[in-house]
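>>> fold the stuff below for me.
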Amino acid sequence: MTRLAVVPGDGIGPEVIAQALETVTALRIGIEFDVLDHINAGTFLRTGVALSEEDFTRIAGCDAVLLGAVGDPRVITPAYARGVLLSLRSRLDLYANVRPARLLHDDLSPLRDRANRGIDCVIVRENTEGLYGGSLHRMSGAEVAIDIEVSTARGVRRIVEHAFSLARRGMCMVDKSNAVPSGGALWQRIWRETAADHPNVATYHLFADVAAMRLVADPTEFDVIVTNNSFDDILSDLAAQIAGGLGTAASANVNPDTGFCLCEPVHGSAPDITGTGTANPVGAILSAALLLEHLGYGSEAKAVRSAVDRAVAAGHRTPDLGGSLTTQQAGSAVRAEL
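Down below sits the predicted model:
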C-alpha cells in the first residue's frame, strides 16, 4: 500500500491540506496517510526542535510527502523554516523543484491581451544549491554582509537534464550571466552540452530580467523554463499570478533518481486569513494531483485537475478568485465534480 506522509504545518496549512486529503480519499485508491500534525511552529517554540530525527525517519519511510505550509509570525528566526522545509529538501536531496503554471479560467488572468493569457508552462528550479543552499552571512565593523552563490557542475547538469525530460515544445534557460559571469558560464556550458543531446527540443536563453518581462508580455511562448534557486523563486511566483494567483499554485520537490517527492501549495501559511475559513484549497488539491501523478496514479491526477477546472469554471470559488465559498465549500465543489 502507498503511504503518504502528511505535514499540515502552520496557519492555513491544516485547513487546505484537509481538503486535499478528502479529495484523495474520494478517489478510493487505498493510499494510507501518516499525519505528522505536531510538526509546526508551536512545537518549535516549545521545544526548539523544528524536525526531530524520529519524524525525519517516519517521513523518509513513506513513499512521498504532502506539506501544507511552514511559517508563523511568532517565530522570528529562520531556523524553523530552514529546519523543516529546507532540511527535507537537503537531506532527501530533492533537487528539482517543479512549478507548473496553467491558467484555470480566462477571467482569472491579469493580462489585458486575451490572445496571450493561456499560460501553460513548467518552471524547473535547482533546489539545493545557489544562494539558498548554504549562504554565508558575515558582519564586520563596517557592517558588510556577504552571501555566496554556489553552483556545481553535478547540480546544474542534473537539473538541466530533468528539465529537458519535461519539455513538450521547447526549453528556455534563464540566468544573469551578463552580470554574474562565473556561475553563468557554468550554466551556459552545461546547458549547451545537454541541449546537444536533445536535438528535437527547441532551446533558447534569456536573462532573468528579460524573462520576467516576456512572461508578462506573452507567457504562451514558454514551455519549460530552467534556472537557479533564486531566479526561479521570483519567476515561478510571477507565473503563478499570471495563471490565477498563488492560491491555485502547486509545486513538487523531487529527486528523480530515488523517486521521492514532496508536494506543497506555494501560498505559505497566510496568518492574516488563518481561521477565517476563506483559504483557497485549490493549490493544495492540485499539489495532491502532482503527487498522485508522481506515484503512478496518472488517470486519477488528471481527474482531479479536470474537477478543479470544472468547479472554477462554474464559479465555485473562494474570495481570492472572486467567489464567496468557504475553504470547505470550495473543496466540496471540487469533489462534487470529481
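>>> only C-alpha atoms for contact and neighbour calcs from this point on.
Fine.
>>> so where does residue 316 fall, helix or strand?
Under the criterion DSSP states H and E, no helix or strand holds residue 316.
>>> same thing with residue 173?
strand 170-175.
>>> what's that strand in contact with?
Strand 170-175 is contacted by residues 163-164, 184, 187, 191, 201-208, 211, 222-228, 231 when judged by CA atoms under 8 Å, 6 or more residues apart in numbering.
>>> pull out the buried members of those.
The neighbour count (16 or more other CA atoms under 10 Å) marks 163-164, 184, 187, 191, 203, 205-206, 208, 211, 222-228, 231 as buried among the contacts of strand 170-175.
>>> give me the low-pLDDT residue ranges for the stretch 101-250 of the chain?
133-142 (pLDDT under 70).
>>> care to break the protein down by domain?
The chain breaks down by automatic domain parsing into domains covering 1-105+244-338, 110-118+152-242.
>>> what about the longest one, how long is it end to end?
Going back to what we said before, that points to domain 1-105+244-338. In domain 1-105+244-338, first residue to last residue: 23 Å (CA to CA, to the nearest Å).
>>> who's in contact with the residue positioned nearest the centre of the chain?
The chain has residue 251 as the residue nearest its centroid, 2.6 Å off, counting by CA atoms, centre = their mean. By CA under 8 Å, 6+ apart, the contact list for residue 251 reads 97, 98, 99, 100, 263, 264, 265, 266, 287, 290.
>>> mind redoing it with 7 Å?
With contacts defined as CA atoms under 7 Å, 6 or more residues apart in numbering, the neighbours of residue 251 are 97, 98, 99, 100, 263, 264, 265, 266, 287.
>>> buried ones from those residues, can you make that a PyMOL selection?
To isolate the buried subset of the contacts of residue 251 in PyMOL, counting by 16+ other CA under 10 Å, use the following:
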select buried, resi 97+98+99+100+263+264+265+266+287
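>>> any chance of the contacts of residue 251 in a markdown table, plus distance to residue 180, secondary structure and pLDDT?
Listed next are the contacts of residue 251 as a markdown table, based on distance: CA to CA, whole Å; DSSP: H, G, I helix; E, B strand; the rest coil; pLDDT from 0 to 100:
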| residue | distance to residue 180 | secondary structure | pLDDT |
| --- | --- | --- | --- |
| 97 | 22 | strand | 96 |
| 98 | 24 | strand | 97 |
| 99 | 25 | strand | 97 |
| 100 | 27 | strand | 97 |
| 263 | 31 | strand | 98 |
| 264 | 31 | strand | 97 |
| 265 | 31 | strand | 97 |
| 266 | 28 | coil | 94 |
| 287 | 34 | helix | 98 |
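>>> hang on, the earlier thing: among the buried ones among the contacts of strand 170-175, which lie within strands?
Secondary structure assignment by DSSP state E places 203, 205, 206, 224, 225, 226, 227 of the buried ones among the contacts of strand 170-175 in strands.
>>> how near is residue 37 to residue 14?
As judged by CA to CA, residue 37 and residue 14 stand 8 Å apart.
>>> helix, strand, or coil at residue 39?
coil (DSSP: H, G, I helix; E, B strand; the rest coil).
>>> for the residue nearest to it when sequence neighbours are not counted, grab phi and psi.
The spatially closest residue to residue 39, leaving aside those adjacent along the chain, is residue 9, at 6.2 Å (CA to CA, 6 or more residues apart in numbering). Residue 9 adopts backbone torsions of phi 80, psi -140, taken as degrees, to the nearest 10.
>>> and residue 9, what pLDDT?
With respect to pLDDT, residue 9 has a value of 97.
>>> that one: neighbour count?
26 (other CA atoms under 10 Å).
>>> so it makes contact with residue 42?
No: here residue 9 lies out of contact with residue 42, judged by CA atoms under 7 Å, at a distance of 9.8 Å.
>>> from residue 330, how far off is residue 275?
In terms of CA to CA, residue 275 sits 15 Å off from residue 330.
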